[in-house]
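Asks: Turn this into a model:
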Amino acid sequence: MSTLAHSRTGSPASAGEPSLALEGIGKAFGQVKALTRVDLTAYPGEIHFVVGDNGAGKSTTLKILSGMFRPDVGSVRIGGIEVHMRDAAEARQFGIAVVHQDLALVECLDIATNMALGDIPRRGRIMLDRARMERDAAKVLSGLKIRVGSVRTQIGLLSGGERQIVAIARAVRTNLPIILLDEPTAALGVRETAHVGEILDELRAQGKTIICISHDLEFVFRHADRITVMRLGNSVATLMRGSTNRDAVVGMITGTIGAAAESAQE
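Replies: Numbers count the residues shown, from 1 in each chain. Alright, predicted model coming up:
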């Protein structure tokens with residue numbers, strides 16, 4: 001682990017300093033250009049949504065932020081320092097936790113075990129510390145005001161919304177300063193969507209940097225601090241929630257409204 005990675009893990013960037021920034025990011029897969037130019041700056045204690053139509057480049061951007069893809073051009077900065085992440089494990093070392101759309105939960109394992117995957121507490125070198133694992137899981141869930149029954153409940157017995165919440169809680173358990181979420185409310189009902197929103201608001205209050213991809217503009221406008229609009233592999237505008245509206249954002253997504261008049265870039 002590099003010195004920078006160690007210094008950033010588990011502690012938000014200082015107030016007023018961007019915790020994460022993409023500058024001029026481009027990415028191609030063979031002859032297909034997924035991203036032409038993406039600029040995005042996110043700060044501690046904010047929820048920053050990334051919106052756009054299918055094929056706009058949102059998922060590719062998230063995968064670059066999470067270390068799964070490396071950009072062809074441009075830079076990724078954490079705490080103002082340029083970093084080069086080679087994989088998702090290194091992204092975690094730089095303080096980035098990810099909640100993927102597929103959740104990556106193991107249905108035959110219980111809540112506590114799923115939340116500890118990748119960082120199983122042990123007694124000595126071999127013995128699993130089951131009691132500590134359950135205490136840690138219960139503490140994180142309680143801190144987020146999450147009620148999903150016993151932490152010994154198998155994931156396969158949970159609803160879709162409960163699984164989503166457990167996946168978010170697993171990311172929170174790492175206590176990393178930056179959390180990326182890919183469509184966290186997809187296929188959720190009204191009550192479950194509201195619960196996810198409450199969790200994001202609580203994480204913002206804790207000073208976390210939340211970067212969230214979403215198609216649900218009602219959810220976006222209820223919880224966003226800022227919104228980056230993407231179109232055809234480009235970030236076309238970054239807007240303060242209070243300085244725009246749903247119609248303007250939809251217009252930028254579809255290309256019927258130019259970004260220049262609406263943009264509130266830093």
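
Asks: Could you look up the SS state of the residue positioned nearest the centre of the chain?
Replies: Nearest to the mean C-alpha position of the chain, by Cα atoms, centre = their mean, lies L180 at 1.1 Å. Secondary structure assignment for L180 (DSSP: H, G, I helix; E, B strand; the rest coil): strand.

Asks: My guess is it contacts T61. True?
Replies: No. In this structure L180 lies outside contact range of T61 using Cβ atoms under 8 Å: 9.8 Å. Heads up, the C-betas are built off the backbone N, CA and C, glycines and all.

Asks: quick one, domains of this structure?
Replies: 1-9+16-95+176-266, 105-175 (automatic domain parsing).

Asks: Show me where the stretch 101-250 of the chain has its helices.
Replies: 111-116, 130-143, 160-173, 190-205, 217-223, 246-254 (DSSP state H, counting those that start in this stretch).

Asks: what about the ones you listed, which gets the closest to A28?
Replies: Ranking the helices of the stretch 101-250 of the chain by their distance to A28 (criterion: Cβ to Cβ) puts helix 246-254 first, at 22.5 Å.

Asks: Buried residues, the closest one. List them.
Replies: For helix 246-254, burial by neighbour count (16 or more other Cβ atoms under 10 Å) applies to 248-249, 251-253.

Asks: And stretch 189-197, by the same measure?
Replies: Those would be 192-193, 195-197, for stretch 189-197 by 16+ other Cβ under 10 Å.

Asks: same question, stretch 196-211
Replies: Neighbour counts using 16+ other Cβ under 10 Å place 196-197, 199-200, 203-204, 207-211 of stretch 196-211 among the buried residues.

Asks: just stretch 31-47 next, same as before
Replies: Those would be 34-47, for stretch 31-47 by 16+ other Cβ under 10 Å.

Asks: Dump that stretch to PDB, keeping only the CA atoms.
Replies: This file holds the C-alpha atoms of stretch 31-47, laid out as PDB (Å, rounded to 0.1, in the frame of the first residue of the first chain):
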ATOM      1  CA  GLN A  31     -12.800   1.100 -31.800                       C
ATOM      2  CA  VAL A  32     -15.700   2.000 -29.500                       C
ATOM      3  CA  LYS A  33     -15.200   5.200 -27.500                       C
ATOM      4  CA  ALA A  34     -17.100   4.900 -24.200                       C
ATOM      5  CA  LEU A  35     -15.900   8.200 -22.800                       C
ATOM      6  CA  THR A  36     -14.600  11.300 -24.600                       C
ATOM      7  CA  ARG A  37     -14.300  13.800 -21.800                       C
ATOM      8  CA  VAL A  38     -15.500  13.400 -18.300                       C
ATOM      9  CA  ASP A  39     -14.900  15.900 -15.500                       C
ATOM     10  CA  LEU A  40     -16.400  15.400 -12.100                       C
ATOM     11  CA  THR A  41     -15.500  16.800  -8.700                       C
ATOM     12  CA  ALA A  42     -16.900  15.500  -5.400                       C
ATOM     13  CA  TYR A  43     -16.600  16.900  -1.900                       C
ATOM     14  CA  PRO A  44     -16.900  15.500   1.600                       C
ATOM     15  CA  GLY A  45     -20.400  15.700   3.100                       C
ATOM     16  CA  GLU A  46     -22.300  15.800  -0.200                       C
ATOM     17  CA  ILE A  47     -24.400  13.500  -2.300                       C
END
